[in-house]
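Peer 1: When you get a sec, could you give me coordinates for this:
(2 chains)
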Amino acid sequence: MYPSRFRYEAPSTVAEAVAMLAAADGEAKILAGGQSLIPMMKLRFAAPAMIVDINGIGGLDYHRSDPDGTYRIGALCRHADLEKSAALADAQPTIAAAAPVVADPLVRTRGTLVGSVCHADPQGDWASVMVSLEGAIVAQGPNGRRSIQVADLIDGPFQTVLAPDEIAVEAVIPAARGARAGGYLKLERRVGDFATVGVAVSVEMSGGSVARAGIGLTAVGPATINASDAAAALVGTALDSDAVDAAAQLAAEAAQPRSDHRGSADYKRHVVATFVRRIGAQIQRSEQEAA
Amino acid sequence: MALDEIKIGGLGASRRRVEDNRFIRGKGNYIDDIALPWMLHMEILRSPLAHARIRSIDVSAAWAIPGVRMVLTGDMLAARNLAWMPTLSYDTQAVLATDKVRFQGQEVACVVADDPYIAKDGCEAIVVDYEPLPPIVNPSQAKAPGAPLIRDDKTGQDSNVVFDWEVGDREGTDRAFAQADVVSTIDMHYPRSHPSPIEACGSIADFNRATSKLTVYMTTQAPHIIRAAVALVAELPEHMIRIVSPDLGGGFGNKVPVYPGYVVSILASILLECPVKWIEDKSGNLISTGFGRDIYLKGEMALRNDGRILGVRMHTDSDHGAFFSDAQPSKFKIGLMHSAFSCYDVPAAHLTAQGVYTNKAPGGVAYRCSFRVTEAMYFQERMVQAAAADLGMDQAEFRRINLVRDDDFPHRTPWGFLTDSGQYGKCLDLGLEAIGYEDFLRQKEEARQRGRLLGIGISTMTEPLGAGNSREYDILGIKMFDSAELKVHMTGKALLRTGAKTQGQGHETTWAQIVAHELGIPAEDVLVEEGDTDTAPFGMGTYASRSTPVAGAAVAMVSRKIRAKARKIAAHLLEVSEEDVEWELGRFSVRGAPDRGVTIQECAIAAYSNMPDGMEPGLENNAYYDPPNLTWPFACYIATVEVDPETGVWDVLRVVAVDDCGVRINPMIVEGQIMGGLTEAYAMANMQFITFDEDGNCIGSNYMDYLLPTAWETPGFELHEVVTPCPHHPIGAKGIGECATVGGPAAFVNAVIDAIGDTGVRNIDMPLLPDRVHEAITQGHDVSGAPPVRTEP
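Peer 2: Below is the predicted model:
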């Protein structure tokens, strides 16, 4: 690997890191897991003047539930931490379903959820999952912290609304209004391949019907797609197959795929609908088993 | 008492690979491990465009960077008559572009600097002014009227056609088709693929002005051919050139050709009088070095209702990229494509072939195959399945009817090769039994009733491995023989060198086993060395599964020469005449008095201390082996799959492989070769291809786009064997390195096509991506052609 020349900094606090970013005047990049940044630097697609390595900052590697059910994932929580967590399957089924299919075991050991969301790659899995959960990113800058909905964070391919002197310090998923259910399905040609299509469906069941629903789509548009109309079609239903079919149809319409060597646009839309149906059926099966 | 051959690591011993001792400890010596004093580093600037005229190249900013020692362009090379070099197929290839760039990734300039970072900075500082030209990315564009001429550098080249060629019996084949009850036709494409050894290419050229000696460490599968090529191209005396091929991280044919990086590093070292190292990066390797395949086929079979094949017609259109640089030693323009149908009894056959230039990387290397044999056997087995379907006949039964019978050897193949041995029917039966053929057909029918799609695919083939003989095979006139040199030291330990070059095949292990088999010297007492032209005997290198058939035979022959001399020494030591000496493994004894004997080790010391009067001292010899024929292994591969009708995703259920490669020297290594080959076959069928968009951009320049399967996707393989010794090889071995890569892909594709048989779809071109399978299922039509990059309607 022969990247362009860069300066390397390893701060020990978030405040120190923010100050370095501010001083770098937009020429710095944060290194967390580095699983996207380093390949881009290797190819010299990215040539930041400064790397701010946050791996030495303590206390950012958590994922935990607050007493009220709010779920927090720190900036240095690795995909593998989520994949291996036994508690996650009940608390956050959509995250638990996605964690084992992110990239490959090597990437999962280093890469972070927060970093992946902020990389804003339309083919990234986590942004869709977070959108389906109405998740937010907490960013810290010179003037303190602010929370940004993931659906609002991403404003284009590889683009976010984060300021050059802001660091995303955690991802937050609000508490559920009922029992959580959900799933993530991904079509890839090989483990570690970018998704051809990925679909995240998250629902909150209350009294036998859907109190809240979210659907996020991976790799079928210029950015992660929040299929809100499709999700709305599920709310108030018992997740019966007619409702799921309707949502599947709307999700396919929300997708904006392009034809490429991974598949045609029509095919990708078809897979979006198929995956919504499959996750719906999966949730229904486990609801029935539980009942 | 005779030695136990397995215990001494002889023939048939699954001996652990001795080379792995260093590889698994990180003690291998690959090209990038080598560092010489005062070594400089070279980086290549490549063209971003597929087809463009070069208006100007401004290198001044690169020269200005501290630490940049030299910037080389095509014009500088042209001044030394080195801007173009000959290819292995009698064409020319640009070393650094002068007039035009002809493919994306073509070498445009080189920067030599104190370290690789600076060299790369230097490349970024070079400004090239390109005038874009329309790119050509497939044969139909290349042949279209008014197509831009890619090779306007060649006088007399007025089209993009490289060659037109035909072989076989045109009239006889026409007559066969006239008599046919059924004519089965199929069109398909074998997509462009890349060998992608895990180690890319590289070289360190070290020209010493004081001694005038040029030493080049480089990633080559054929060091002696390189030495000759450097002598001819660079006009250096051959005895002052030393090529060293260190440990190679795979080759698969990719490390046979001469690449511009090698040439420029040599020139830079001569000009700078320092060692110059060039290490290609992975993208450079994928976009510019020798690819494999990229051939279209029109296939026709003349069939009788009872299932007999009466005749075969094939026409291929091959895409050779910008320079015709196929690495292949036959006299034929499309390699050994006409080895198709060699395992079937086909009375008449005719092949026409046309090759074209396109704005894609040159190559056409034999990617783990003997010179287009992979394509030949894939086309054959896909044609066979379509023919069986057209006749409404079971695909196994159709093969059984047409396979060459055991009592029909030697057999003249439809295009004139001579096969010598095999038990084809037995291999097929063993494979069908192992997979549980009848039972699977019942399962498939039951599954179909429930809307599930199961399929079974068979591929049976024999292929020509181990070029020469020298009558028919040469590279640029150098005949295809090989060599071995054996030195038995006085303590009975030995040093063996051959003209082959291992790159993962395990020569250091298996060659010692041949010596053990012939001489009774334990394999662990034999050191094997290859790859240094100053020490190794002249040989043509390792590719096309030729090492065991040719160099391996030379190892046996040189061992026999040593044994013959040792016999004379034994007679002297035992004080009997030579006729009264008998040989058993590792020991000579007196006929009729078996207790009186001497070991081979005792003969060895006597060769240096107590030789008979008049005998030349020492126990060393060499052998050059020119095989009488190719070897013809046979294989039967069977795969079962399940296709998801909703998404087109298919999963492999089981894979059964029956290989007959004659006598197996090291069964473990043979099995490793088969499993590796089947993995590549699965890769080709499922995911691995390089394609290009309309602008000639290479889609597949990195491992996120060019997919190699991991352990996760790769199915398990169930291996079986049949042994029919090769009648002309000294130890009865046949080539094996490539059988599974060659025969395997059709088994997977045939299985998927079988699973969706109800749709009437006859073909989906590889790779069988889910969207292509889904399109076939839902639209009920063939999904053929390349590149499969679909543009918006």
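Peer 1: Can you find the helix or strand in chain A with the smallest mean pLDDT?
Peer 2: Between all helices and strands in chain A, the lowest mean by mean pLDDT, DSSP states H and E belongs to helix A:88-91, at a mean of 90.
Peer 1: tell me which strands and helices it is in contact with?
Peer 2: The contact analysis (3 or more C-beta pairs under 8 Å, 6 or more residues apart in numbering or on different chains; DSSP states H and E) places helix A:88-91 against helix A:93-98. C-beta coordinates here come from the backbone N, C-alpha and C atoms, glycine included.
Peer 1: Kindly indicate whether the closest residue to chain B within the stretch 51-200 of chain A is helix, strand or coil.
Peer 2: Chain B sits closest to A:V191 of the stretch 51-200 of chain A, with a gap of 4.3 Å, by C-beta to the nearest C-beta. Judged by DSSP: H, G, I helix; E, B strand; the rest coil, the three-state class of A:V191 is coil.
Peer 1: Against A:G124, how distant is the closest residue in space to it that isn't next to it in sequence?
Peer 2: Nearest residue to A:V191, sequence neighbours excluded (C-beta to C-beta, 6 or more residues apart in numbering or on different chains): B:W712, at 4.3 Å. The gap separating B:W712 from A:G124 is 20 Å, by C-beta to C-beta, to the nearest Å.
Peer 1: What of A:T218?
Peer 2: 7 Å.
Peer 1: overlap in contacts of those two?
Peer 2: A:T224 (C-beta atoms under 8 Å, 6 or more residues apart in numbering or on different chains).
Peer 1: where does chain B come near chain A, residue by residue?
Peer 2: Residues of chain B lying near chain A by C-beta under 8 Å from any C-beta of the partner chain: B:43, B:116-117, B:119-121, B:124, B:283, B:646-649, B:686-687, B:691, B:699, B:702, B:704-705, B:707-710, B:712-713, B:769-771, B:774-775, B:787-792.
Peer 1: In helices only, show me those residues.
Peer 2: B:116-117, B:119-121, B:124, B:283, B:686, B:770-771, B:774-775 (DSSP state H).
Peer 1: with these in mind, which one is nearest to B:S339?
Peer 2: B:N686 (25.4 Å; C-beta to C-beta).
Peer 1: Help me confirm that that closest one comes into contact with B:P767.
Peer 2: Yes. B:N686 is within contact range of B:P767, at 5.5 Å (criterion: C-beta atoms under 8 Å).
Peer 1: Tell me which of the two has more neighbours.
Peer 2: B:N686 (26 against 23; other C-beta atoms under 10 Å in any protein chain shown).
Peer 1: residues touching the most centrally placed residue in chain A, list them.
Peer 2: Compute the mean C-alpha point of chain A, and by C-alpha atoms, centre = their mean the closest residue is A:W126, 1.8 Å away. Contact partners of A:W126, counting by C-beta under 8 Å, 6+ apart, are A:98, A:102, A:113, A:116-117.
Peer 1: Pipe these into a markdown table and attach neighbour count, distance to chain B and secondary structure per row.
Peer 2: Below are those laid out as a markdown table (neighbours: other C-beta atoms under 10 Å in any protein chain shown; distance: C-beta to the nearest C-beta, whole Å; DSSP: H, G, I helix; E, B strand; the rest coil):
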| residue | neighbour count | distance to chain B | secondary structure |
| --- | --- | --- | --- |
| A:A98 | 29 | 17 | helix |
| A:V102 | 26 | 14 | coil |
| A:L113 | 32 | 20 | helix |
| A:S116 | 25 | 15 | helix |
| A:V117 | 28 | 20 | helix |
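Peer 1: and of these, the nearest to B:A556?
Peer 2: Closest to B:A556, out of all of the contacts of A:W126 and judged by C-beta to C-beta, is A:V102, at 53.1 Å.
Peer 1: ok, the closest one touching A:D81?
Peer 2: No. The pair A:V102 / A:D81 is not scored as a contact, 11.7 Å apart, by C-beta under 8 Å.
Peer 1: domain ranges for chain A?
Peer 2: Domain assignment for chain A by automatic domain parsing gives A:7-52, A:63-173, A:179-290.
Peer 1: Give me the nearest residue to A:G58, chain neighbours excluded.
Peer 2: Closest to A:G58 by C-beta to C-beta, 6+ apart is A:S12, at 7.5 Å.
Peer 1: Can you tell me the SS state at that neighbour?
Peer 2: coil.
Peer 1: Can you verify my assumption that it contacts A:I54?
Peer 2: No. Applying C-beta under 8 Å as the test, A:S12 and A:I54 come out as separate, 9.5 Å apart.
Peer 1: Phi, psi for the closest residue to chain B within the stretch 1-150 of chain A please.
Peer 2: Per C-beta to the nearest C-beta, A:Y2 is where the stretch 1-150 of chain A lies closest to chain B, at 4.7 Å. Main-chain torsions, A:Y2, degrees, to the nearest 10: phi -130, psi 80.
Peer 1: Do I have it right that it meets B:G122?
Peer 2: No. With contact defined as C-beta under 8 Å, A:Y2 and B:G122 do not form a contacting pair (11.3 Å).
Peer 1: Compare these two (neighbour count), which wins?
Peer 2: When neighbours are counted by other C-beta under 10 Å, A:Y2 and B:G122 differ, and B:G122 comes out ahead with 28 against 17.
Peer 1: who's in contact with the more buried one?
Peer 2: B:43, B:62, B:65, B:68, B:71, B:111, B:113.
Peer 1: In contact with residue 85, which residues are there?
Peer 2: In the absence of a named chain, this looks at chain A. A:S85 neighbours (C-beta under 8 Å, 6+ apart): A:63, A:96, A:99.
Peer 1: wrong chain, I was asking about chain B
Peer 2: B:92-93, B:95, B:233, B:258, B:260, B:263.
Peer 1: Now with 7 Å, please.
Peer 2: Neighbouring residues of B:M85 by C-beta atoms under 7 Å, 6 or more residues apart in numbering or on different chains: B:92-93, B:95, B:233, B:258, B:263.
Peer 1: could these go into TSV alongside pLDDT and neighbour count?
Peer 2: Listed next are the contacts of B:M85 as TSV, based on pLDDT from 0 to 100; neighbours: other C-beta atoms under 10 Å in any protein chain shown:
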residue	pLDDT	neighbour count
B:T92	95	16
B:Q93	97	24
B:V95	98	25
B:V233	78	17
B:V258	93	23
B:V263	96	25
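Peer 1: Now, those residues that are in strands?
Peer 2: Judged by DSSP state E, the contacts of B:M85 include B:92-93 as members of strands.
Peer 1: which one of the contacts of B:M85 is nearest A:G58?
Peer 2: B:V263 (53.7 Å).
Peer 1: gap between the closest one and chain A?
Peer 2: Counting by C-beta to the nearest C-beta, to the nearest Å, the gap from B:V263 to chain A is 22 Å.
Peer 1: surely that residue meets B:V95?
Peer 2: Yes. With contact defined as C-beta atoms under 7 Å, B:V263 reaches B:V95; the gap is 5.1 Å.
Peer 1: what residues do the two have in common as contacts?
Peer 2: Residues touching both B:V263 and B:V95 (C-beta under 7 Å, 6+ apart): B:82, B:85.
Peer 1: if we can go back for a sec, correct me if wrong: the residue nearest to A:G58 contacts A:N55.
Peer 2: No. If you go by C-beta under 7 Å, A:S12 and A:N55 don't touch, sitting 10.4 Å apart.
Peer 1: Angles on the backbone of the closest residue to A:G26 other than its chain neighbours, please.
Peer 2: Nearest non-adjacent residue to A:G26, counting by C-beta to C-beta, 6+ apart: A:P164, 4.0 Å away. With angles defined as degrees, to the nearest 10, A:P164 sits at phi -60, psi -20.
Peer 1: More neighbours: B:W712 and A:G124, which one.
Peer 2: Of the pair B:W712 and A:G124, A:G124 is the one with more neighbours under other C-beta under 10 Å, namely 29 against 10.
Peer 1: What pLDDT does the model give the nearest residue to that one once chain neighbours are set aside?
Peer 2: Leaving aside its chain neighbours, A:G124 sits nearest to A:S116 (5.0 Å; criterion: C-beta to C-beta, 6+ apart). The model reports A:S116 with a pLDDT of 97.
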